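Colleague: Structure here, sequence nowhere to be found:
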């Protein structure tokens, strides 16, 4: 119940296309959902985050869609660029706790 | 602004040797601190976290240990390294007194055991 299931494991998208990465959870106590972007040899960097009181959050080309009833959330990268090629992790946290539950990661490759 | 420092960036150690990796955070007080390990092409495995000086919670029983001697310093240690300890070690911090805050990661230490 503490897991966050992330899919797909890898994704190849043409430049200018939309990249979509999905995450699903079971624990309804989760109330904070960040996404991280990791380039090779670097630590993950916070990309965007959402709380369950909103269904969508957009920052530039990155959008999180949140479906509370389905217990799913997804990252959409619009107009994907080769520079977006990285590994993306979703995560979940329950207020008042300290453990972030991470998905297994999605390796995105954007073809030029 | 807050920054997190990890060193060294890379480390090559023989089997059976000791280990000490250090992480420090600047620009914040009383952070929650974390150590993760990431195998090549894999996800993040939480090893230890700390909510205060001297307070360490272990997630994975193994030959690694962690210590927090100062508020913004987190150290990962081992007395005798195993081949299986190879990996990418990441330190992270989050706001200690505020709920629903993201973690912020350092740039990691690549540890190779020979």
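Modeller: On my side now, so go ahead. On a predicted model such as this, the values are computed, not experimentally measured, just so you know.

Colleague: Could you find the closest non-adjacent residue to the residue of chain A found nearest chain B?
Modeller: Closest to chain B within chain A is residue A:43: 3.3 Å, counting by C-beta to the nearest C-beta. Where C-beta positions appear, they are placed from N, C-alpha and C, glycine not excepted. In this structure, residue A:43 finds its nearest non-sequential neighbour in residue B:105, 3.3 Å apart by C-beta to C-beta, 6 or more residues apart in numbering or on different chains.

Colleague: can I assume that neighbour is in contact with residue A:45?
Modeller: Yes. Applying C-beta atoms under 8 Å, one finds residue B:105 in contact with residue A:45, separated by 7.0 Å.

Colleague: shared neighbours of the two, which are they?
Modeller: residue A:36 (C-beta atoms under 8 Å, 6 or more residues apart in numbering or on different chains).

Colleague: who has more neighbours, the two?
Modeller: Taking other C-beta atoms under 10 Å in any protein chain shown, residue B:105 and residue A:45 do not tie; residue B:105 has more neighbours (22 against 14).

Colleague: Near chain B, which residues of chain A are found?
Modeller: With C-beta under 8 Å from any C-beta of the partner chain as the criterion, chain A comes near chain B at residues A:31-32, A:34, A:36, A:41-46, A:49, A:51, A:89, A:91, A:93, A:95-96, A:98-100, A:102-105, A:107.

Colleague: Can you say which of those residues are buried?
Modeller: A:31-32, A:34, A:36, A:43-44, A:49, A:89, A:91, A:93, A:98, A:100, A:102-105 (16 or more other C-beta atoms under 10 Å in any protein chain shown).

Colleague: Sort those by pLDDT and name the bottom one.
Modeller: Lowest in pLDDT among these is residue A:98, which has 84.

Colleague: three-state assignment of that residue?
Modeller: Secondary structure assignment for residue A:98 (DSSP: H, G, I helix; E, B strand; the rest coil): coil.

Colleague: can I assume it is in contact with residue B:46?
Modeller: No. With contact defined as C-beta under 8 Å, residue A:98 does not reach residue B:46; the gap is 9.8 Å.

Colleague: ok so, going back, for residue A:8, see how far away the residue of chain A closest to chain B is.
Modeller: According to C-beta to C-beta, to the nearest Å, residue A:43 and residue A:8 sit 23 Å apart.

Colleague: Same check on residue B:101?
Modeller: Taken as C-beta to C-beta, the span from residue B:101 to residue A:8 is 29 Å.

Colleague: The two: which is more packed in?
Modeller: residue B:101 (18 against 12).

Colleague: Which secondary structure element is home to that one?
Modeller: If you go by DSSP states H and E, residue B:101 is not part of any helix or strand.

Colleague: Quickly note the distance from residue A:87 to residue B:80.
Modeller: 31 Å.

Colleague: So for the two, which sits in the more crowded spot?
Modeller: Neighbour totals were compared for residue A:87 and residue B:80, and residue A:87 leads with 20 against 11 (other C-beta under 10 Å).
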